[in-house]
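K.L.:
Let me see the structure of the following:
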Amino acid sequence: MPDRSKRYLGLKERIEPGKLYLPEEAIRLLKEMSNVRFNETVEVAFNLGIDPKQSDQQLRGTVSLPHGIGKKVRVLVFAQGEKAKEAQEAGADYVGGEELVTKIQEGWVDFDAAVATPDMMRVVGKLGKILGPRGLMPNAKTGTVTFDIAQTIQEIKAGRIEIRNDRYGNVHLLLGKISFPEEHLIDNFYAALDTVMRMKPQAAKGRYLKKVVLSTTMSPGIPVDVNAALARMEKRVA
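P.N.:
Down below sits the predicted model:
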C-alpha cells in the first residue's frame, strides 16, 4: 500500500491544481500516466444536478459505445423454446429458465449482463433483490426485457452498456481500455456524454451537468472542462 500511495501521489502531481482539462487532454494525460503492468480500464464519472430520491429524476437507459469497452461481455438470457434457441445462435453465454433462477438464488452471478423475454419475467422477478443491486436485473427501460433477443445480445457484446445514476446523482461508465487508441477513447467519451445529456429528466432543476472526471483503474481523477466538452460534443454531432 505505501508504494501504491507514493505512485498515486506522484501521478497526482502531474495534474495541474485548479485546471479543467479538455477531454482530449485528459485522455492523453491518462495514457501518459499509465505505468502499471496490466491494461487499465478508462472510466468517466458524471456528477448530475438531479435529485436521486425523486422517481422522475432517475436516469435509466443505455449507450452503445462505438468502439466497445475492450472486454468480453458474458450475457445470460432467460428464455424458452424458439427464443432460447435464438439466444444460443446469437452467442449468449448462458441460456435457460427456472433452473438459472435457482442457480442465481444459490449464489451464482458469474455474468455481466442479463436479458429476458417478457414471458419469463414472472419467474425472473424473484431475483430482484439479488440482481437489482448489481445492476443486472432485466428491465424494459434498458431494452433487456424484449423478444428481440438476437439483436439485443449482439448490441451488448458490441459495447452497449447501461446508464444508471447512483444515490448521489453520479453516473459512472467504462469507456474502454488504456491500450485503446486515443481517438477511440475520445469517440466513446463523446458518445457517453451525448447520451447522458439526452437523458436529462424534465423534472431536473438548475445546472444539469455539474462535473465530469476521467480516470483509470489506478490513477487519480482528471477534472474535465464541462462547457468546453459540451461545445465540442455539439460540433461532433451537428
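K.L.:
going forward, measure contacts and count neighbours with C-alpha atoms only.
P.N.:
Fine.
K.L.:
Would you point out which residue is most central in the chain?
P.N.:
Per C-alpha atoms, centre = their mean, the C-alpha nearest to the average position across the chain is that of L173, at 3.6 Å.
K.L.:
Now do the lengthiest helix in the chain: which elements does it pack against?
P.N.:
Counting by DSSP state H, the longest helix found in the chain is helix 182-198. Packing partners of helix 182-198 (3 or more C-alpha pairs under 8 Å, 6 or more residues apart in numbering; DSSP states H and E): helix 23-33, strand 60-64, strand 170-177, helix 226-237.
K.L.:
Make a markdown table from the ones you listed and add mean pLDDT and distance to A191 to it.
P.N.:
As requested, these are exported to a markdown table (pLDDT from 0 to 100; distance: least, C-alpha to C-alpha, whole Å):
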| stretch | mean pLDDT | distance to A191 |
| --- | --- | --- |
| helix 23-33 | 96 | 12 |
| strand 60-64 | 90 | 7 |
| strand 170-177 | 95 | 10 |
| helix 226-237 | 92 | 9 |
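K.L.:
what about those, which gets the closest to K129?
P.N.:
Of all these, the one in closest proximity to K129, counting by C-alpha to C-alpha, is strand 60-64 (17.7 Å).
K.L.:
List the pairing partners of that closest one within its sheet, with orientation.
P.N.:
With DSSP bridges as the test, strand 60-64 is paired with strand 160-164 (antiparallel).
K.L.:
which residues of this structure fall in helices?
P.N.:
Going by DSSP H, the chain shows helices at 2-12, 23-33, 82-89, 98-105, 121-124, 128-131, 149-158, 182-198, 226-237.
K.L.:
helices or strands up against the third one?
P.N.:
Read it as helix 82-89. When contacts are defined as 3+ C-alpha pairs under 8 Å, 6+ apart, helix 82-89 sits against strand 75-78, strand 94-96, helix 149-158.
K.L.:
most packed of these?
P.N.:
Between the helices and strands packed on helix 82-89, strand 75-78 has the highest mean count of neighbours, a mean of 25, where neighbours are mean count of other C-alpha atoms under 10 Å.
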